[in-house]
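K.L.:
Sharing a sequence plus its predicted fold:
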Amino acid sequence: MRPSFLNPLFASAQTISGIGPRLILLLKKCLALPPGVTEPRVVDLLWHMPTGVIDRRTEPQLASAVPGTIVTLQLRVLKHKPPPRGNRKAPYKVTCEDDTARIDLVFFHAERKFIEKQLPEGEIRFVSGRIERYGEALQMAHPDYIVSPEARDELPMLEPVYPLTAGLSGKIMVKAARQTVERVPDLPEWQDERWLEARGWPAFKDALNRIHRPADAQDVSNGAGPWQRLAYDELLAGQLAFALVRQNLKTERGRRLSGDGHLRTKIASALPFTLTSSQQTALGEIAEDLAAPHRMLRLLQGDVGSGKTVVALMTMAIAVEAGAQAALMAPTEVLARQHLETIAPLAESAGLRIALLTGREKGKARDRIIEDLTTGKTDILIGTHALFQSDVTFKDLAVAVIDEQHRFGVHQRLALQAKGANDDTNVLVMTATPIPRTLLMTHYGDLDVSKLTEKPAGRKPITTKAVPLELLERLIDRVRVQLAEGAQIYWVCPLIESSELTDLAAAEERFAYLRQIFGEGVGLLHGGLSGKEKDETMAAFAAGQLKILVATTVIEVGVNVPNANIMVIEHAERFGLAQLHQLRGRVGRGTRESFCMLLYKAPLGETAEQRLKMMEETEDGFRIAEKDLELRGGGEILGARQSGAPGFRVAEVPGYETLLAAARDDATLVLSKDPNLASPRGKALRTLLYVFECDEAVRLFRAA
Ligand code: ADP
Ligand code: MG
């Protein structure tokens, strides 16, 4: 499908020289991979944007070099001075000179062979790093670069600085990034030439070159031309993909799906409650969409706890009533299993056959699941993005429900849709994050929206309080009282640094502390556990065997334990509002009085203070979302950053809203003039869609 000239971009990052299996693991940690992509590819490196540059262009004579600055020196190697035997603390020094002075290159814990090879006596070397004065002498400790005159080009005079992870050096990233740019083939221009000219934007490949191999420090900034151009490319790809979906929805005569309601009636009578009126309204809208001769693409917005799951089940039941199949996709395994548990008993009482498919179903078991799906034995498949794998085929997929949508990218949404045989799969997207209108546009295009505005009856308000960490002991006393009354508690420890290890350490420490006080009833849940361990821990908490569940943010989305009534969030000041709101939504689902304690470390910054205050003030998700937008600006609101899943790869730039509006207009205009993308620019735009992995949009379009 994807044109073969783009293949080099989508090859594994291991095809880059210098990157092997060990580095791949590190890259995996530090690159933002789209969900479902397990091994970093060349293109993921391409979108790994620098945060700044190191300027190595100062090339002084030693006598005039300014200590404390970064310089590039041309030196003659004079003499190696290894540390005296037995003194491992002393550094290895190499004395060098130019025509004006001498300098010592200094290495601690050095590997002798390596240094001898890098700096042969008598040879000329270009050396770059921070020069320092040590007493009377000049020195440079651990130069960043040492290259021979022949390899002079390998020394980047303007070196981009990339976000890294422990064990991954900037030098490796620079070298890799340079190669990735070289892999970019010459592509036809997909932007309007006059538009580019008016803004002074470079061509696509130029733009990448100017960012990853800068000749001008100004270029490496998300406000500068090259980056703005790439941002616009990404936005245009997204808007074009949405516009294609819209066009497709309008032109395509989908099937009419309407059941006789017998399954829905059975499910309803198995429910221990009656549907709220907004659940009923939403279901009415959905049933109408499904019965209409076009495809459904609807967003179901409802705060955490508003009861989206049962709406999803009813929606899927309509498909089955009409003789077809349905799928429900969750962003994490924990959630997929939870959905299964909630849905299974209800489905069973209605005679629905359901199955689960996540990354954990393997081998024979997996084959069986797929076979049942292909032959139509399974009515409803619940799973994670494992549902995207190409060998997963349905007999007749008519409805796809996607839960907690913001974790998935556009192209994945489209991919699931494509699982329907005739392009007629109806899609219901569910999100708990109330999304302001402008952002809806960006991330979802123009889709229809249903809202669950009321909470199920019997819910009590949640008392929220911000508490400084110094008062932890007082909080523990209250917890003790609550536990005696049968309370259950989530205790969330956030990402402190962007490293899983330190993150985990904080949670483990708190776990140990609470265990000491409260004993066996304290459990720990974190991302490093195996799927099975996670399930067991969750199950123990749900069953009430565990009273306190210490967790990293793995519990963030969707988990449902109605008896849990206290949410403690540590370092609450580090969370965004949307995320705090989501976390708080885990409690207040049962009959017990509920609390959310926001532990913070004083002093609070102004924004953090406003966030915590807002949390104390209201539970209204829409108010919180608006405030969130005000406090952080648009690109981040969906929580993509914190969850590690990329929303945009390069488009989070200043002025992004204006670019977005332009991209929207551009996409609409292009399709109105060239609905088949057959013109030269149209063809180039197809390439753009592939570059940003909106492959499915191209496919959709070809079908139209
Ligand atoms: P979310 O919208 O966050 O996915 P869930 O679907 O998990 O919410 O529902 C949260 C809880 O509310 C579940 O325990 C569910 O059984 C319950 N629930 C859903 N609808 C109703 C209702 N109409 N009346 C009472 N409880 C309900
Ligand atoms: Mg949910």
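P.N.:
Okay, I see it. Ligands and ions are numbered 1, 2, ... in the order given.
K.L.:
Only C-alpha atoms from now on, for both contacts and neighbour counts.
P.N.:
Will do.
K.L.:
Tell me the pLDDT of the closest residue to ligand 1 within the stretch 351-500 of the chain.
P.N.:
The minimum distance from the stretch 351-500 of the chain to ligand 1, using CA to the nearest ligand atom, falls at P456 (4.2 Å). Here the pLDDT value assigned to P456 is 80.
K.L.:
On the three-state scheme, it is what?
P.N.:
Secondary structure assignment for P456 (DSSP: H, G, I helix; E, B strand; the rest coil): coil.
K.L.:
so it makes contact with T276?
P.N.:
Yes - with contacts counted by CA atoms under 8 Å, P456 reaches T276, the gap being 6.2 Å.
K.L.:
thinking again about what came up before, spit out the contact partners of the residue of the stretch 351-500 of the chain closest to ligand 1.
P.N.:
275-276, 305-307 (CA atoms under 8 Å, 6 or more residues apart in numbering).
K.L.:
any idea which of those is least confident?
P.N.:
Scoring the contacts of P456 by pLDDT puts G305 last, at 79.
K.L.:
From S64, how far off is the spatially closest residue to T165 that is not a sequence neighbour?
P.N.:
Sequence neighbours aside, C30 is the residue nearest to T165 in space, at 5.9 Å (criterion: CA to CA, 6 or more residues apart in numbering). To S64, C30 is 39 Å away according to CA to CA, to the nearest Å.
K.L.:
out of these two, which sits in the more crowded spot?
P.N.:
C30 (20 against 10; other CA atoms under 10 Å).
K.L.:
Need phi/psi at the residue of the stretch 351-500 of the chain closest to ligand 1.
P.N.:
phi -50, psi 150 (degrees, to the nearest 10).
K.L.:
quick one: it and L271, what's the gap?
P.N.:
13 Å.
K.L.:
ditto for A432
P.N.:
Counting by CA to CA, the gap from A432 to L271 is 22 Å.
K.L.:
okay, those two: which has more neighbours?
P.N.:
The residue with more neighbours, out of A432 and L271, is A432; 25 against 12, by other CA under 10 Å.
K.L.:
how about the contacts of P456, which pair is most distant?
P.N.:
L275 and G305 (13.2 Å; CA to CA).
K.L.:
if you count what's nearby, which of these two comes out ahead?
P.N.:
Neighbour count, other CA under 10 Å: between L275 and G305, G305 has more, with 23 against 17.
K.L.:
quick one, what contacts the more buried one?
P.N.:
G305 neighbours (CA under 8 Å, 6+ apart): 455-456, 585-586, 589.
K.L.:
Quick one: the strands in the stretch 401-550 of the chain, in order.
P.N.:
426-431, 448-452, 462-468, 488-492, 522-525, 548-551 (DSSP state E, counting those that start in this stretch).
K.L.:
Save these as JSON lines, and put in mean neighbour count too.
P.N.:
Below are those laid out as JSON lines (neighbours: other CA atoms under 10 Å):
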{"stretch": "strand 426-431", "mean neighbour count": "24"}
{"stretch": "strand 448-452", "mean neighbour count": "19"}
{"stretch": "strand 462-468", "mean neighbour count": "20"}
{"stretch": "strand 488-492", "mean neighbour count": "26"}
{"stretch": "strand 522-525", "mean neighbour count": "22"}
{"stretch": "strand 548-551", "mean neighbour count": "26"}
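K.L.:
Format the ones you listed as CSV; extra columns: distance to ligand 1 and mean pLDDT.
P.N.:
Output for the strands of the stretch 401-550 of the chain, formatted as CSV (distance: least, CA to the nearest ligand atom, whole Å; pLDDT from 0 to 100):
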stretch, distance to ligand 1, mean pLDDT
strand 426-431, 8, 86
strand 448-452, 8, 85
strand 462-468, 15, 96
strand 488-492, 15, 95
strand 522-525, 20, 93
strand 548-551, 19, 93
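K.L.:
mind putting those in TSV, distance to D219 included?
P.N.:
Converted to TSV, the strands of the stretch 401-550 of the chain look like this (distance: least, CA to CA, whole Å):
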stretch	distance to D219
strand 426-431	37
strand 448-452	40
strand 462-468	43
strand 488-492	41
strand 522-525	44
strand 548-551	42
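K.L.:
What residues of the strand ranked longest in the chain count as buried?
P.N.:
Longest strand of the chain, by residue count under DSSP state E: strand 70-81. Within strand 70-81, the residues scored as buried using 16 or more other CA atoms under 10 Å are 70-80.
K.L.:
What of stretch 45-61?
P.N.:
45-50, 52-53, 55-56, 59, 61.
K.L.:
same deal with stretch 163-173?
P.N.:
165, 168, 170-171, 173.
K.L.:
what's the farthest-apart pair in those?
P.N.:
Farthest apart among those - using CA to CA - are T165 and K171, which lie 12.6 Å from each other.
K.L.:
Quick check: can you list the domain ranges of the chain?
P.N.:
4-54+162-220, 57-155, 262-452, 462-618 (automatic domain parsing).
K.L.:
Could you export those to a markdown table, including columns for distance to A237?
P.N.:
Below are the domains of the chain laid out as a markdown table (distance: least, CA to CA, whole Å):
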| stretch | distance to A237 |
| --- | --- |
| domain 4-54+162-220 | 10 |
| domain 57-155 | 34 |
| domain 262-452 | 10 |
| domain 462-618 | 27 |
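K.L.:
Would you tell me which of those gets closest to D695?
P.N.:
domain 262-452 (6.9 Å).
K.L.:
Span of that closest one from start to end?
P.N.:
24 Å.
K.L.:
wait, E59 sits on I70?
P.N.:
No - look at E59 against I70 with CA under 8 Å: they stay out of range, at 9.3 Å.
K.L.:
residues from this structure in reach of ligand 1?
P.N.:
Proximity of the chain to ligand 1 is confined to 273-276, 302-310, 456-457, 558, 560 under the rule CA under 6 Å from any ligand atom.
K.L.:
Can you find the helix or strand in this protein with the smallest mean pLDDT?
P.N.:
helix 640-643 (a mean of 34; mean pLDDT, DSSP states H and E).
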